[in-house]
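Undergrad: no sequence for this one, just the structure:
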């Protein structure tokens, strides 16, 4: 009986493995892309930062300005991404095995992952 159950679930397991691999690759690519966008945004403000420092702005203030802008953008992006993910998981309910469509652990983990990347990039 165990052999029959394993055989019946082998297709689903393979599909879930592929989805997991592709989701991991997508998360890594999204993280690298997010890092690149925030890095470019900071580099574009390089002259502005130089002028502010020349006028006597404290380094802590400049740091707060740059990191604050990056974190505001990332909070908006993470919130939009969570809303879209919550809406789209309803379409994938039949493919989820052992996980509910609105699993708070998964949503929290992904949000923390992308927020940490944005914080490092900023």
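TA: Now that the structure is in, tell me what you want to look at. The shown structure was predicted, so the numbers you read here are calculated from the model rather than taken from an experiment.
Undergrad: From residue 21, how far out is the residue nearest to the spatial centre of the chain?
TA: Compute the mean C-alpha point of the chain, and by CA atoms, centre = their mean the closest residue is residue 114, 3.1 Å away. Look at residue 114 and residue 21: by CB to CB, to the nearest Å, they are 19 Å apart. Just so you know, the C-beta spots here come from the backbone N, C-alpha and C atoms, and that holds for glycine as well.
Undergrad: where are the low-confidence patches of the protein?
TA: Within the chain, the segments meeting pLDDT under 70 span 4-5, 95-99.
Undergrad: Quick check: longest helix in it by residues?
TA: As assigned by DSSP state H, the longest helix anywhere in the chain is helix 2-44.
Undergrad: so what secondary structure elements neighbour it?
TA: helix 59-88, helix 104-121 (3 or more CB pairs under 8 Å, 6 or more residues apart in numbering; DSSP states H and E).
Undergrad: make it 6 Å
TA: helix 104-121 (3 or more CB pairs under 6 Å, 6 or more residues apart in numbering; DSSP states H and E).
Undergrad: Off-centre distance for the helix it packs on?
TA: Put simply, helix 104-121 sits 5 Å off its chain's centre (CA atoms, centre = their mean, to the nearest Å).
Undergrad: hmm, who's touching it?
TA: Applying CB atoms under 6 Å, 6 or more residues apart in numbering, the external contacts of helix 104-121 come out as 31, 34-35, 38-39, 70, 74, 78, 82.
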